[in-house]
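Chemist: No sequence on hand, only this structure:
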C-alpha cells in the first residue's frame, strides 16, 4: 500500500486562463475563496508535500505555504510542461496531479489511484470518470521525469499522448458525481456558486 506521505500533490495552475478571460483560474473566487484553496482543502489530506505549478502570480501562490514552480518551457506550453516542472521538483516516490479549476475533486482520489497503480504494476494511474479518461487527474512514479522531459523535447504536448507511451492504467473513480468538473469559464463558476 502506498502511504500518503510518499505522494507529492501537484496542483496545475500554470495556464493563461484563456476561457476565463485571461484571468489566472486558480485565483478566481468560488464561494468566497480562490479555486486553488478549494483544491488544496481536498488534496492536502490525501498527500504529503504539495507543489503548485504556476507561471504567474507566484508570490500569491507561495503565500499559501507550498512550493511554487514555473514551467521549464516558456510560452505557456500547457499542462504537460507544468507536470514536468512538478516531477523535477518532486522528492517523493509518487506524484499526484490535479488541475486548479476542479474544486470538487474526489476526497479519495489518491487512495483510489494508488490501489490501481499497485494492482496493475503501472507507471501511471489515470482517473476514469464520466465515461472517459481524465488525464490531468493522475498518479505517477516520480522517476518518470527524464522520460517526460525527452517527450517534451521531441515536441510532445498532450498529456494523454505522453501517458500512452507508458505502462498506464485507467482507474474507475465514479464515486462522486461532478467531482471532475472543471470550472473553465465565468459561467461555470457562476453555476457552481
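Modeler: Thanks, I have it. All values derive from a computational prediction rather than experimental measurement.
Chemist: The residue minimising distance to the centre of the chain: what's it in contact with?
Modeler: With distances taken as CA atoms, centre = their mean, residue 98 lies nearest the centre of the chain, 2.2 Å away. Neighbouring residues of residue 98 by CB atoms under 8 Å, 6 or more residues apart in numbering: 9-12, 39, 43, 105, 109, 136-137. Glycine gets a C-beta too; all of them are placed from N, C-alpha and C.
Chemist: Any regions of this protein where pLDDT drops low?
Modeler: 15-22, 76, 175-177 (pLDDT under 70).
Chemist: Show me what the residue nearest to the centre of the chain is bridged to.
Modeler: Beta-bridge pairing for residue 98 (DSSP bridges): residue 11.
Chemist: circling back to that earlier point, which members of the contacts of residue 98 are the farthest-apart pair?
Modeler: Of all pairs drawn from the contacts of residue 98, the greatest distance, 14.0 Å, lies between 12 and 109 (CB to CB).
Chemist: What's the local residue count around residue 8?
Modeler: Residue 8: 23 surrounding residues under other CB atoms under 10 Å.
Chemist: Which strand runs longest in this protein?
Modeler: Secondary structure of the chain read by DSSP state E shows that its longest strand is strand 132-141.
Chemist: got the buried residues for that one?
Modeler: Of all the residues in strand 132-141, those buried under the rule 16 or more other CB atoms under 10 Å are 133-141.
Chemist: just stretch 161-168 next, same as before
Modeler: Within stretch 161-168, the residues scored as buried using 16+ other CB under 10 Å are 162-163, 166, 168.
Chemist: tell me which strands and helices the very next helix or strand once past the longest strand of the chain is in contact with?
Modeler: Sequence order places helix 145-153 as the next helix or strand after strand 132-141, per DSSP states H and E. In this structure, helix 145-153 makes packing contacts with helix 79-89, judged by 3 or more CB pairs under 8 Å, 6 or more residues apart in numbering; DSSP states H and E.
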